[in-house]
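Enquirer: how does the following fold in three dimensions:
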Amino acid sequence: MLVLWDIDHTLIATRGVGRELSAAAFEAVTGVPMRQQAKIDGITEPVIFRETARLHGLDVDRRDFERFAAALADQHLKHGAALRERGHALAGAAAALDTLAADGIAQTVVTGNVRRVAEIKLSVFGLDQHMQWGLGAYGEDAEERPDLVRLALDRARVPAEDAVLIGDTPADVAGARAHGVRVIAVATGRSAEDQLVAAGADVVLADLADTDRVVELVTRGA
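Expert: Numbers count the residues shown, from 1 in each chain. Model prediction:
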């Protein structure tokens, strides 16, 4: 069994710090202050960067994104204290990770974040110790969620029926369902429970606070 975790608004909330760090990295790479940001919910980092650049009249390429990804990681390293003080791990996240690990269940992440930022975010809140990072898929790997899910399954050598994805957006749901992966959706982000149901989630939880229920759903299905 393999659990594929989304990060933002599923395990943690950055409470605005993430946007501030993205703005700093954007300006460092482009020389232009970030006046507005493209849609971010369920979207991968390269797409967010490209679309944000377009909002500012800029054309960017892969090399620009790689520079942005490095700058974004640097910003998270420098401002980890602010992330810890203003952000927080979501209710039940630590307990769910710990309990699943104790049950011998492999866990990794499928996220639009670049890997280094994903590692920093979870380490800041003490949620990184059970993640098998080499099995995951990240923003630098692909632009579309279904491609990230497929990549994680391939890296883990796990069939879709032996995996479950836990995320908070319709994009998370769609990415998993494209490959027949079960989805436990949590309404801890900007998507309401009915939106997650309509997207095709197998089950929707208000949050991760009921650890026994989360583990039951992962191990036994809905």
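Enquirer: pull the residues that contact the top helix by length along the chain.
Expert: Criterion DSSP state H: the longest helix present in the chain is helix 62-78. Contacts to helix 62-78, defined as Cβ atoms under 8 Å, 6 or more residues apart in numbering, come from residues 21-22, 24-26, 28-30, 45-46, 49-50, 53, 83, 114, 116-117, 120-121, 139-140. Every residue, glycine included, has its C-beta placed from N, CA and C.
Enquirer: burial count for the closest residue to Val158 other than its chain neighbours?
Expert: Excluding its sequence neighbours, the residue lying closest to Val158 (Cβ to Cβ, 6 or more residues apart in numbering) is Leu2, at 4.5 Å. For Leu2, the neighbour count with other Cβ atoms under 10 Å is 23.
Enquirer: from Thr52, how far off is the nearest residue to Leu11 once chain neighbours are set aside?
Expert: The shortest distance from Leu11 to any non-neighbouring residue, by Cβ to Cβ, 6+ apart, is to Ala93 (4.5 Å). Here the criterion is Cβ to Cβ, to the nearest Å. By it, Ala93 lies 28 Å from Thr52.
Enquirer: out of the two, which sits in the busier spot?
Expert: The neighbour count for Ala93 versus Thr52, taken as other Cβ under 10 Å, is higher for Ala93 (27 against 24).
Enquirer: tell me how far the more buried one lies from Ile105.
Expert: From Ala93 to Ile105 the distance is 15 Å (Cβ to Cβ).
Enquirer: can you give the contact residues for stretch 152-165?
Expert: Residues contacting stretch 152-165 (Cβ under 8 Å, 6+ apart): 1-6, 106, 108, 110, 132, 134-137, 149, 172, 175-176, 179-184, 217-218.
Enquirer: go on, stretch 92-99?
Expert: Here stretch 92-99 has contacts from 10-12, 107, 125-127, 130, 207-211, 214-215, using Cβ under 8 Å, 6+ apart.
Enquirer: what is the burial count for Ala91?
Expert: Neighbours of Ala91 using other Cβ under 10 Å come to 14.
Enquirer: do you know how far the residue lying closest to it once chain neighbours are set aside is from Ala171?
Expert: Once flanking residues are discounted, Ala91 sits nearest to Ala209: 4.5 Å by Cβ to Cβ, 6+ apart. In this view, Ala209 and Ala171 are 24 Å apart by Cβ to Cβ.
Enquirer: with Arg213 instead?
Expert: From Arg213 to Ala171 the distance is 24 Å (Cβ to Cβ).
Enquirer: again, but for Gly139
Expert: Taking Cβ to Cβ, one finds Gly139 at 13 Å from Ala171.
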